[in-house]
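Chemist: How does the following fold in three dimensions:
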Amino acid sequence: MKEAKGVSQRKPALTFEAKHTLDKISAGFWEISHAIEALKEPSLRGFAFEARKRASEDLEHRHLYNALAEAAVDRLELLKRQKTGKGIWYAVLEVIMTRPEGFSETIQVYHERCDGRDAAVVATRKLLVRHAELFNDYTDLEASVMTDLEWEVMAYLD
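Modeler: Got it, this is the predicted structure:
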């Protein structure tokens with residue numbers, strides 16, 4: 001009897017050249033994100049529309065224009081949730097330790113998934129009370145509320 005073999009696709013090798021190219025191209029991503037975040041809602045709508053239009057006209061770069069449009073749509077959704085307070089929100093409490101060398105690092109994150117911003121604010125207050133003993137002269141507590149979209153970006157996924 002033959003042993004069953006996995007069907008997952010084999011990971012292709014990442015050559016030095018490929019890694020270098022990817023690093024070079026992605027180095028400026030923060031500039032794109034920053035520029036899109038600076039736009040207000042009407043500008044974001046126009047930006048997304050124009051990026052999609054250019055994607056249909058400039059087929060060689062259509063994937064890049066579509067990615068720009070998607071980034072704008074994501075930003076619009078985030079602004080909408082921040083404005084209404086509706087949807088999934090997270091209460092977040094970060095425990096941040098300041099090292100003698102002068103740098104800080106997050107050593108623990110407590111969070112609670114909530115239905116709406118108001119519930120997240122209440123839950124954050126409870127997290128602060130529950131973990132107040134962790135605060136001292138070298139450990140800070142940083143409380144915040146954020147949408148599920150922001151939570152995913154912060155990489156605090158369960």
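Chemist: I'd like the distance from the helix or strand bottoming out on mean pLDDT in the chain to the chain centre, please.
Modeler: Sorting the helices and strands of the chain by mean pLDDT, DSSP states H and E puts helix 148-153 at the bottom, at a mean of 91. Centroid separation for helix 148-153 versus its chain: 5 Å, with CA atoms, centre = their mean, to the nearest Å.
Chemist: Then stretch 75-93?
Modeler: Offset of stretch 75-93 from its chain centre (CA atoms, centre = their mean): 12 Å.
Chemist: buried sites along the least confident helix or strand of the chain?
Modeler: Neighbour counts over helix 148-153 (16 or more other CB atoms under 10 Å) mark 149, 150, 151 as buried. For every residue, glycine as well, the C-beta is placed using N, CA and C.
Chemist: do stretch 116-133 as well
Modeler: Going by neighbour count (16+ other CB under 10 Å), the buried part of stretch 116-133 is 117, 119, 120, 123, 124, 127.
Chemist: Check stretch 66-81 too.
Modeler: 66, 68, 69, 71, 72, 73, 75, 76, 78, 79, 81.
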